[in-house]
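Peer 1: Coordinates for the following, if possible.
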Amino acid sequence: MAMWRFDQGRTEYHAFESIVELAKALVALAGENPSNKPCPLRSYFKSSSPIWDFPPNTPEYTAWRNYARTFALLMLAPNGREVATIQPTDICKELAKGTAGLLPTFDDYLQVLLGQWCYPHPAFNEYSHTLNKVFPILAILKMLVALDRNGSDAKLSPDDIFEFLINNNVSGEEPVSFFTTLKKKPLPKKSDEKRQVRELLKFISQGSVFTWSAGQIYLAISQVEADQLLNNTKHFTQPSVISRERQLHQIATLPSSTRTVTSLIHTPISRDDEEFVEGKKIRAFHVKIERNPKLRADFLKTISKPWTCDFCSKSMESVYPWSKDFIEVHHLLPLASAVKIGKTTTLLSDLVPLCPNCHRAVHYAYSDYLKKMSKDDFADAKEARYCYENAKKQYILSV
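Peer 2: Numbering: from 1, shown residues only. This is a model prediction of the structure:
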């Protein structure tokens with residue numbers, strides 16, 4: 001039985017926004033000795049945020065000493081004793097380009113990881129090139145699709161991952177039909193192994209493909225969308241090599257014809273969305289997040305007035321007494337992930353309930369603001385929230 005490992009306790013660095021910032025730093029520092037003192041990575045970030053202090057922030061502990069495995073697990077740069085300089089991977093270089101690169105969203109990043117993130121992983125000292133490859137993220141997706149096909153809830157807990165996948169020694173390369181026949185196989189497991197699987201599930205649940213809620217991972221796309229995604233995922237087939245450094249560069253090489261999840265998943269865009277969407281992948285991703293039924297249901301459970309519009313303050317229960325469920329969920333920052341890696345799984349601070357009319361109006365306000373500012377998108381959550389609050393103030397003054 002192969003152990004499915006992930007870097008537990010590094011959750012803030014696993015968030016997609018942090019991954020992009022790390023990628024930018026590693027590209028900027030390419031060729032430098034990461035073990036130099038003062039620490040090159042701390043110097044690059046200049047304590048712009050507490051997480052970039054890479055604690056413990058003391059001279060004897062460079063960021064590389066304590067976090068290099070995290071960088072390798074995220075497919076950004078190889079670690080290991082033989083690595084004397086920072087060597088950004090192809091994936092790292094594309095992530096560092098932000099929205100101008102081939103991997104502007106977590107879904108695009110996930111599309112590559114599905115077929116290339118595999119065990120044995122060169123991030124770990126125990127790496128051995130002689131072991132058979134296991135593609136855990138691909139196996140998880142196929143198991144969820146299989147459950148959906150069998151008429152079961154498409155969800156998996158960390159215990160389910162062990163009993164369906166790890167204990168049955170799946171590789172992820174098997175067809176979905178194989179996963180529909182799998183039976184649970186209970187075997188003893190250590191608590192740290194379960195924690196590492198949980199961290200992996202949270203990590204991959206940042207986009208629109210999976211949702212993490214109440215200790216379980218859910219399939220958040222339709223069967224048709226999942227089939228499209230699987231059909232366009234090509235797993236890494238090159239022979240493994242002895243060098244951990246070379247192996248990471250191999251599996252982190254972008255396919256020659258990179259296809260992205262957001263171009264495969266057909267998000268229905270209404271006429272009211274068109275001006276806001278403008279054909280941009282990130283806009284389509286935003287709309288998909290808002291229409292994720294699991295995210296919507298989880299969010300509405302957390303607020304005291306789930307059927308009241310945050311914009312116009314009208315209660316759907318009073319306006320439409322025959323059906324209060326007209327409320328929609330708006331994600332304030334279009335380019336942000338719907339899922340936060342950390343203490344809370346959903347970025348509740350970035351979600352608001354809106355009635356359909358106000359929701360459309362806010363989309364137009366966003367589009368109008370970006371056009372006036374000659375921007376393709378908001379720089380960060382702060383700017384998006386400013387735009388939303390400003391539109392809300394204008395509405396209040398007009399009524």
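Peer 1: what's the span of stretch 214-222, first residue to last?
Peer 2: 21 Å (C-alpha to C-alpha, to the nearest Å).
Peer 1: Show me which parts of it are buried, residue by residue.
Peer 2: By neighbour count on 16 or more other C-beta atoms under 10 Å, the buried set for stretch 214-222 is 216, 217, 218, 219, 220, 221. C-betas here are computed from N, CA, C, even on glycine.
Peer 1: Kindly report the same for stretch 201-216.
Peer 2: 201-213, 216.
Peer 1: how about stretch 148-163: buried residues?
Peer 2: 148, 154, 155, 156, 157, 158, 160, 161, 162, 163.
Peer 1: Contacts for it next, please.
Peer 2: 4, 140, 143-145, 147, 164, 176, 180, 184-187, 189, 193-194, 197-198, 201, 215-219, 223, 226 (C-beta atoms under 8 Å, 6 or more residues apart in numbering).
Peer 1: any idea how far stretch 202-216 is from the chain center?
Peer 2: 8 Å (C-alpha atoms, centre = their mean, to the nearest Å).
Peer 1: tell me the mean pLDDT over that stretch?
Peer 2: Averaged over stretch 202-216, pLDDT sits at 88.
Peer 1: Now that we have the contacts of stretch 148-163, which of them are buried?
Peer 2: Using 16+ other C-beta under 10 Å, the buried ones in the contacts of stretch 148-163 are 4, 140, 143-145, 147, 164, 176, 180, 189, 193-194, 197-198, 201, 216-219, 226.
Peer 1: Counting only strands, which of those residues make the cut?
Peer 2: 216, 217, 218, 219 (DSSP state E).
Peer 1: can I get the residues you listed in TSV with distance to residue 371?
Peer 2: Supplementary listing: those in TSV, determined by distance: C-beta to C-beta, whole Å:
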residue	distance to residue 371
216	41
217	38
218	36
219	36
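Peer 1: Nearest to residue 95 among those residues?
Peer 2: Here the nearest of these to residue 95, counting by C-beta to C-beta, is residue 217; it sits at 23.0 Å.
Peer 1: I'd like to know how far the residue nearest to the closest one when sequence neighbours are not counted sits from residue 115.
Peer 2: The shortest distance from residue 217 to any non-neighbouring residue, by C-beta to C-beta, 6 or more residues apart in numbering, is to residue 201 (4.5 Å). From residue 201 over to residue 115 the distance is 18 Å, taken as C-beta to C-beta, to the nearest Å.
Peer 1: Could you give the average pLDDT over stretch 56-72?
Peer 2: If you average the pLDDT values across stretch 56-72, you get 92.
Peer 1: which residues in this structure form strands?
Peer 2: Going by DSSP E, the chain shows strands at 155-156, 210-213, 216-219, 328-331, 351-354.
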